[in-house]
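> sequence unknown, structure follows:
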């Protein structure tokens, strides 16, 4: 599906502002209490999450999520992991690659170490914010298959959040059902069928560098301290 121009977001900032409105409504209707914690999925979810956190008065942190690649075709993703959570496999991609889950073990170890290093950089060496007993909102800039979202949500279960939400400006309608057992709620602004690419729903969605993500997180910490 190619969206009508009127349905596209100008950029991640506009998308974050729109998403914040939907999240505010969700929290009011679902009895959210206390100061929420918003976690931006790296990299593209971080600027969206920053807008959301500012708008709803939430704390902000980053959740580092990365693809797990085929050992033989590095450009081909067969799953996703976080710094600490379990591997989530895209079984269709794994089958097409003629791989088993056991074949991924060496790749997972290497890529998890790389994600941990990124998390330390994004947070300037700080530990991740504790999610226990909090309303936690995981934010990305789009969701196509749901593999990354499931990896993010499953990584948080062990931390015992009180209420866990996945939120994104745009997501594939066919992928939302798979999150029902992972999250207490799913919030979105657009939810089209036949979703093909997140980039089609934005007029401007540049690739972010690690340095830009780090700068966003530093800026938000500075604003929070000043406030």
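Cool, the structure landed. These numbers come from a predicted model, not from an experiment.

> From here on, just use CA atoms for contacts and neighbour counts.
Noted.

> Given the longest strand seen in the chain, what are its sheet partners and their directions?
What stands out as the longest strand in the chain, according to DSSP state E, is strand 163-170. In the sheet, strand 163-170 lines up against strand 135-139 (parallel), strand 185-190 (parallel) (DSSP bridges).

> Show me what the next helix or strand after the longest one packs onto, helices and strands only.
The reference is to strand 185-190. Later in the chain than strand 185-190, the nearest helix or strand by DSSP states H and E is helix 210-226. Other elements packing on helix 210-226 under the criterion 3 or more Cα pairs under 8 Å, 6 or more residues apart in numbering; DSSP states H and E are helix 45-56, strand 59-63, helix 105-122.

> For this structure, give me the ranges with low pLDDT.
The model of the chain has pLDDT under 70 over residues 1, 32, 74, 227.

> hmm, 90 instead?
In the predicted model, the chain carries pLDDT under 90 at residues 1-4, 31-34, 69-78, 90-107, 174-175, 177-178, 180-181, 193-196, 222-227.

> Point out the most buried one among the strands paired with strand 163-170.
strand 135-139 (a mean of 27; mean count of other Cα atoms under 10 Å).

> Give me the helices and strands touching the next helix-or-strand element following it, please.
Remark: after strand 135-139, the chain's next helix or strand is helix 147-157, criterion DSSP H and E. Contacts defined by 3+ Cα pairs under 8 Å, 6+ apart place helix 147-157 against strand 65-69, strand 77-82, strand 88-89, strand 163-170.

> With respect to residue 4, which of the ones you listed lies nearest?
With Cα to Cα, the closest approach to residue 4 among the helices and strands packed on helix 147-157 belongs to strand 163-170: 13.7 Å.

> Report the inter-axis angle for that closest one versus helix 45-56.
110 degrees (axes from the mean of the first three to the mean of the last three Cα atoms, to 10 degrees).

> who touches strand 163-170?
Applying Cα atoms under 8 Å, 6 or more residues apart in numbering, the contact partners of strand 163-170 are 15-16, 18-19, 23, 32, 133-143, 149, 153, 183-192, 198, 201.

> Need the phi and psi values for the nearest residue to residue 63 once chain neighbours are set aside.
Distance criterion Cα to Cα, 6 or more residues apart in numbering; nearest residue to residue 63, sequence neighbours excluded, is residue 41 at 4.8 Å. Dihedral pair for residue 41: phi -80, psi 130, per degrees, to the nearest 10.

> Could you check how many residues crowd around residue 41?
Residues lying near residue 41 (other Cα atoms under 10 Å) number 25.

> Next: the one 5 residues further on.
Each residue near residue 46 was counted by other Cα under 10 Å, and the total is 31.
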